[in-house]
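> Kindly return the folded structure for what I paste below:
(one chain, ligands or ions: 1)
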Amino acid sequence: MIRRGRAEGWLKLPISAFRPWAELNGVTFDGVRVGSMPGFEHRGSTVIAEEDLTKGETNPLMVVPKDLILSRESVEGFAKSDKQLKEVLDSVGEYTRTSRGAILVFLLMQATISCPDIPGNIGVTNPLTEYIKFLPEEFLPTFWTKEEQELLVGTTLRSAIRAKMNSLLREFEHIRTATEHISWCQKYWWDDDEGQVTFEDWMHVDAMYRSRALEFPGIGDCMVPCVDMANHSSGDATVALYETDEDGNSILLLRAGKVVKQKDEITITYGDGKGACEMIFSYGFMEDSMDSAKIVFLDLDIPDDDPFRPAKIAVSAVAPGFRIFDNGDRTGWESDFVWLICVNEEDGLGFNFLQTNEGGRELRAFWKGAELEDTSKLRGLLQADALWEVYQLRAITLLQNRIEQQLEDLHEIGSPDKGPNVRDVPWKLAEKLRKLELGLLERASNDLEDQKLVLIESDSVRRYLGIEDEGNAEEDFS
Ligand SMILES: C[S@@+](CC[C@H](N)C(=O)[O-])C[C@H]1O[C@@H](n2cnc3c(N)ncnc32)[C@H](O)[C@@H]1O
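You can find the predicted model right below:
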């Protein structure tokens, strides 16, 4: 429905109509306009200075009335006067009480309202029905072809896309099964002949949200028309920032000390800490200046021969992997999960079923006899243990092995040729991502090796291995 709407024009408005729409809905602009930057049309629309904006400028560049902010709360507000939207939200239940769930359903509803094949009495038109017509075709990796996604072998983006597609499918199935008893949904959304909604529509509303949602203080994750027309730049290049004023309106402000010339781009930051993978995943681009992957998340599996494997999986409430990050000179890593793999019964880990108040049985983990209520606390307990260096050494050995595996995949794919059906943008992004992640992983592997050598020489490791002065501990941890 959404792709067709954009192609046929009923879900598309030219950016020249944007300002009249915004002003009609109470948005004020001061010294800026929305349009495309000559020479940078591939970045879509952006916010551009109409005049020189000087140091000390205090007036907001834009004020967006709070009624126009699309949040979980505002969706509930719209549902008060939109019977069909309310029906869908109520039927889908818990999921639509999250910002993401409420906003995605709302966006799907706006496309439904605009669809000429669905009667006009379904849904209630509101200012945001027009807003989604200004949103461009998103070019996120969930829309890359299979051949393009193959270029990501060895990168963490490949597993991120797979996981995302699975969760999108689960969400879509949930929306479908929860609403198929509503007669208009059955007829206009799901019916084999007349139904307009497909999984691809869910991918589109996800992409709209993913590439435009901002975290606003006091509101949470939301979409703010107009502010979301600002493109990204990081560090010193970020020109503006967004916040809410005392009335709850959203405002765009020039950063302190920034001097902007007429026709310059007014950028915000989408998060300077975001790594290369996340930038491509969420926004479909990465800055040319990016020279480090910044962060790499690798999954970890509990070995099949670990007798506690099923119990560990059952109690773990943390992400099953570890994060490597670039700290400048050195790399760092962080994981709540790896510690669960590192210890076993002989170290003091145990599991037991406890009786719940409701009469059921629940599996609980124990460390040295005391209940481990939250597996993310395990690291702290191990840190206080006399064998801390031994556990660290085990963790580091596991991480190194996992990194080696990833590096092998990256070396194996190497620099593939560009197939005839591969588009330029995915090809260039995949090539750069492979290079950046390879660089960070190689550095991390070297840094871990240094840490390993120090740990191996520690007294507790030598004592643990029963090694006298001349012995070699490294052999036992390879
Ligand atoms: C919040 S929207 C910004 C407005 C958007 N350009 C539009 O036309 O509606 C985010 C999207 O803008 C594009 N974008 C933002 N900053 C960019 C940049 N520095 N380089 C390339 N594309 C950028 C990406 O497509 C991203 O997914």
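
> Only C-alpha atoms from now on, for both contacts and neighbour counts.
Will do.

> Can you report how many residues lie near the residue lying closest to Cys277 once chain neighbours are set aside?
In this structure, Cys277 finds its nearest non-sequential neighbour in Leu157, 5.6 Å apart by Cα to Cα, 6 or more residues apart in numbering. Residues within reach of Leu157, counting by other Cα atoms under 10 Å, total 23.

> so Leu157 sits right up against Met279, yeah?
No - in this structure, Leu157 is not within contact of Met279 by Cα atoms under 8 Å, at 10.0 Å.

> Just after the longest helix anywhere in the chain, pick out the following helix or strand.
Counting residues, the longest helix in the chain under DSSP state H turns out to be helix 424-456. Toward the C-terminus, helix 424-456 is succeeded by helix 459-464 as the next helix or strand (DSSP states H and E).

> what helices or strands is that following helix leaning on?
Contacting helix 459-464 under the criterion 3 or more Cα pairs under 8 Å, 6 or more residues apart in numbering; DSSP states H and E are the following elements: helix 388-413.

> can you state the direction angle for the helix it packs on and helix 424-456?
150 degrees (axes from the mean of the first three to the mean of the last three Cα atoms, to 10 degrees).

> Any idea how far helix 388-413 is from the middle of the chain?
How far helix 388-413 lies from its chain's middle: 25 Å, per Cα atoms, centre = their mean, to the nearest Å.

> So which elements touch that helix?
helix 338-342, helix 424-456, helix 459-464.

> and the first one, which residues are buried?
For helix 338-342, a neighbour-count test (16 or more other Cα atoms under 10 Å) marks Val338, Trp339, Leu340, Ile341, Cys342 as buried.

> quick one: average confidence on that helix?
What helix 338-342 shows for mean pLDDT is 96.

> quick one: the residue nearest to Cys277 from Glu200, how far?
Separation of Leu157 from Glu200 (Cα to Cα, to the nearest Å): 20 Å.

> Kindly report the same for Arg33.
Between Arg33 and Glu200 the distance is 32 Å, computed by Cα to Cα.

> Those two: which is more packed in?
Arg33 (22 against 16).

> ok, the strand or helix carrying the more buried one near the ligand or not?
Per DSSP H and E, Arg33 falls inside strand 32-35. No - using Cα under 6 Å from any ligand atom, strand 32-35 stays clear of the ligand, with a minimum separation of 8.3 Å.

> Tell me the strands beside that strand, with direction?
strand 46-49 (antiparallel) (DSSP bridges).

> got the contact list for the partner strand?
Applying Cα atoms under 8 Å, 6 or more residues apart in numbering, the external contacts of strand 46-49 come out as 31-37, 229-231, 260-267.

> re the thing from before, and the helix or strand containing the residue nearest to Cys277, what does it pack against?
Following DSSP H and E, one finds Leu157 within helix 156-179. The contact analysis (3+ Cα pairs under 8 Å, 6+ apart) places helix 156-179 against helix 83-92, helix 199-212, helix 276-283, strand 295-299.

> and the next element down the chain from the longest one?
Moving toward the C-terminus from helix 199-212, the first helix or strand encountered (DSSP H and E) is strand 214-216.

> What of the last one?
Stepping forward along the backbone from strand 295-299, the first helix or strand reached (DSSP H and E) is helix 309-315.

> again, but for the first one
Tracing the chain past helix 83-92, the next element assigned as helix or strand by DSSP H and E is helix 99-114.

> picking that back up, any idea of the mean pLDDT for the strand holding Arg33?
95.

> Renumber starting at 31 from here on
Got it, first residue is 31 now, which makes that one strand 62-65.

> what comes into contact with that strand?
Outside strand 62-65, the residues touching it (Cα under 8 Å, 6+ apart) are 45-46, 48-49, 75-81, 91-92, 256, 259.

> Which positions in that strand come out as buried?
Val62, Arg63, Val64, Gly65.

> Can I get that strand in CSV, CA atoms only?
In CSV, the C-alpha atoms belonging to strand 62-65 read as follows (Å, rounded to 0.1, in the frame of the first residue of the first chain):
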residue,chain,number,x,y,z
VAL,A,62,15.6,28.7,8.2
ARG,A,63,13.8,26.8,5.5
VAL,A,64,13.3,23.1,4.6
GLY,A,65,14.5,21.9,1.1
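
> roughly how far is that strand from the heart of the chain?
Counting by Cα atoms, centre = their mean, strand 62-65 comes out at 28 Å from the chain centroid.

> Kindly report the same for stretch 77-84.
Worked out by Cα atoms, centre = their mean, stretch 77-84 lies 31 Å from the chain centre.

> Give the buried residues for the helix or strand hosting Cys215.
Using DSSP H and E, Cys215 maps to helix 213-215. Within helix 213-215, the residues that qualify as buried by neighbour count (16+ other Cα under 10 Å) are Trp214, Cys215.

> Other residues contacting that helix?
Contacts for helix 213-215 (Cα under 8 Å, 6+ apart): Ile152, Thr209.

> Run the chain-centre distance for it.
Distance, centroid of helix 213-215 to centroid of chain: 32 Å (Cα atoms, centre = their mean).

> avg pLDDT for it?
97.

> Stretch 253-270 now?
Rounded mean pLDDT across stretch 253-270 is 96.

> Now it: buried residues?
For stretch 253-270, by 16+ other Cα under 10 Å, it's 253-264, 268-270.

> what's the span of that stretch, first residue to last?
17 Å.

> How far off centre is it?
For stretch 253-270, the distance to the chain centre is 17 Å (Cα atoms, centre = their mean).

> what do you get for stretch 392-410?
Using Cα atoms, centre = their mean, the offset of stretch 392-410 from its chain centre is 29 Å.

> which parts of that stretch are buried?
Arg394, Ala395, Phe396, Trp397, Leu402, Thr405, Ser406, Leu408, Arg409.

> Give me every residue in the stretch 31-180 of the chain lying close to the ligand.
Going by Cα under 6 Å from any ligand atom, the residues of the stretch 31-180 of the chain near the ligand are Arg73, Gly74, Ser75, Thr76, Leu165, Pro166.

> make it 8 Å
By the rule Cα under 8 Å from any ligand atom, the part of the stretch 31-180 of the chain lying against the ligand is Ser66, His72, Arg73, Gly74, Ser75, Thr76, Phe164, Leu165, Pro166, Glu168, Phe169, Leu170.

> How about the contacts made by the fourth one?
Applying Cα under 8 Å, 6+ apart, one finds that Gly74 lies in contact with Ser66, Pro166.

> Report pLDDT for the residue of the stretch 381-508 of the chain found nearest the ligand.
When scored by Cα to the nearest ligand atom, the stretch 381-508 of the chain has Val455 as its residue closest to the ligand, at 10.6 Å. Among the per-residue scores, Val455 shows a pLDDT of 95.

> That one and Gln179, how far apart?
In terms of Cα to Cα, Val455 sits 12 Å off from Gln179.

> likewise Ser365?
Ser365 is 27 Å from Gln179, by Cα to Cα.

> Run a quick neighbour tally on the residue in the stretch 281-430 of the chain that the ligand sits nearest to.
Residue nearest to the ligand within the stretch 281-430 of the chain: Tyr313 (3.5 Å; Cα to the nearest ligand atom). Neighbour count of Tyr313, defined by other Cα under 10 Å: 20.

> Next up, the contacts around it.
Phe169, Leu170, Arg240, Ser241.
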